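K.L.:
A structural model of the following input is requested.
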Amino acid sequence: MPWHMNKCSYHVFMNLTPRQKSVLEFIRMCQQQTGIVPSVREICAHLGLKGPAGIHRILRLLEEKGHLVSTPGKKRSWLLSGGPPRKSIPVLGEIAAGVPIHAQENRDEELPVDSSLFGADECFALRIQGDSMIEAYIADGDLAIIQPQDNADNGQIVAVMVDNTLPEATLKVLRRKSTVIELHAANSRYPPLVFRGRERGRIKILGRLVGVIRRSS
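P.N.:
Prediction:
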């Protein structure tokens, strides 16, 4: 079943700071209620700021991220763009935040979200099962947004396949120690998965976690 983001069943944690979100929401509110875009001075007053320099910087960043469009040389020229380009991210099945599970690809599901929101050119999504990443604020039912890559830095959260009798997928924190690779949970109830020597060849990194789309409670 497709993921209907416009029904607000999930919240997208985009690359916006709290201050950027506040500015964007105030512009949206004013435009919807009055049809008039607020001035920089009005935005400053709403946020309790004394000077406009920070607001001008935020407006430029919101434009760069695709949330606003402007007309050069005009006051109150900031308009909502309707958001960044509405591309999509494929949901490729389920991944365990616990013990590894069989990776099930399902390319029929698409998230109407642009990968650029997560700072990546290309992404795919995997649905989380289990609670082993709960201390990293990744819960059962969430969607993990993965940037494809075959390597990762120590300490990064990665999606990996563990090649045994069946291909298995899991989301873990990557730890490298000389000749040992450990896949750690973000939950003290789960021991790490440890691969020594030749066993390290069983691990295939699918990509790095770059975002989470969380199911609303």
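K.L.:
which parts of stretch 157-177 are buried?
P.N.:
By neighbour count on 16 or more other C-beta atoms under 10 Å, the buried set for stretch 157-177 is 157-162, 168-174. Using the backbone N, CA and C atoms, a C-beta is placed for each residue, glycine as well.
K.L.:
chain center to that stretch: distance?
P.N.:
Between the centre of stretch 157-177 and the centre of its chain there are 20 Å (C-alpha atoms, centre = their mean, to the nearest Å).
K.L.:
repeat for stretch 198-207
P.N.:
24 Å.
K.L.:
can you check the distance spanned by that stretch, start to finish?
P.N.:
Terminal residues of stretch 198-207 are spaced 21 Å apart (C-alpha to C-alpha, to the nearest Å).
K.L.:
what residues does stretch 117-125 touch?
P.N.:
Residues outside stretch 117-125 that contact it (C-beta atoms under 8 Å, 6 or more residues apart in numbering): 12, 14-15, 65, 84, 89-92, 111, 115, 143-148, 207, 210-211, 213.
K.L.:
any chance of a ChimeraX selection covering the buried ones in those?
P.N.:
Buried residues among the contacts of stretch 117-125 (16+ other C-beta under 10 Å), as a ChimeraX selection:
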select :12,14,65,89,90,91,92,111,115,143,144,145,146,147,207,210,211,213
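K.L.:
so which of the contacts of stretch 117-125 sit within strands?
P.N.:
Within the contacts of stretch 117-125, membership in strands is found for 12, 89-92, 111, 143-148, 207, 210-211, 213, as judged by DSSP state E.
K.L.:
least confident pick among the buried residues of stretch 157-177?
P.N.:
For those, the weakest pLDDT value sits at E168, with 61.
K.L.:
state the mean pLDDT of the longest helix seen in the chain.
P.N.:
Longest helix in the chain by number of residues, with DSSP state H as the criterion: helix 18-34. Per-residue pLDDT values over helix 18-34 give a mean of 82.
K.L.:
is M161 in a bridge, and if so with what?
P.N.:
A169, K204 (DSSP bridges).
K.L.:
one more: L143?
P.N.:
Here L143, judged by DSSP bridges, has bridge partners R127, I213.
K.L.:
that one and V40: what is the separation?
P.N.:
36 Å (C-beta to C-beta, to the nearest Å).
K.L.:
for the chain, give me the ranges with low pLDDT.
P.N.:
Within the chain, the ranges that satisfy pLDDT under 70 run 1-15, 34-36, 70-86, 96-108, 164-168, 215-217.
K.L.:
quick one: contacts of stretch 177-190?
P.N.:
For stretch 177-190, using C-beta under 8 Å, 6+ apart, the contacting residues are 97-98, 131-136, 138, 157, 160, 170, 172-176, 191-197, 200, 203.
K.L.:
for it, output the C-alpha coordinates as PDB.
P.N.:
The C-alpha coordinates for stretch 177-190 follow below in PDB (Å, rounded to 0.1, in the frame of the first residue of the first chain):
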ATOM      1  CA  LYS A 177      38.200  -2.800  15.800                       C
ATOM      2  CA  SER A 178      41.300  -3.900  13.900                       C
ATOM      3  CA  THR A 179      40.300  -7.300  12.500                       C
ATOM      4  CA  VAL A 180      36.800  -7.200  14.000                       C
ATOM      5  CA  ILE A 181      33.600  -5.700  12.800                       C
ATOM      6  CA  GLU A 182      30.800  -5.200  15.300                       C
ATOM      7  CA  LEU A 183      27.200  -4.200  14.600                       C
ATOM      8  CA  HIS A 184      25.800  -2.600  17.700                       C
ATOM      9  CA  ALA A 185      22.200  -2.000  18.700                       C
ATOM     10  CA  ALA A 186      21.100   1.300  20.300                       C
ATOM     11  CA  ASN A 187      19.400  -0.700  23.100                       C
ATOM     12  CA  SER A 188      21.300  -2.300  25.900                       C
ATOM     13  CA  ARG A 189      19.000  -5.300  25.800                       C
ATOM     14  CA  TYR A 190      20.600  -6.500  22.600                       C
END
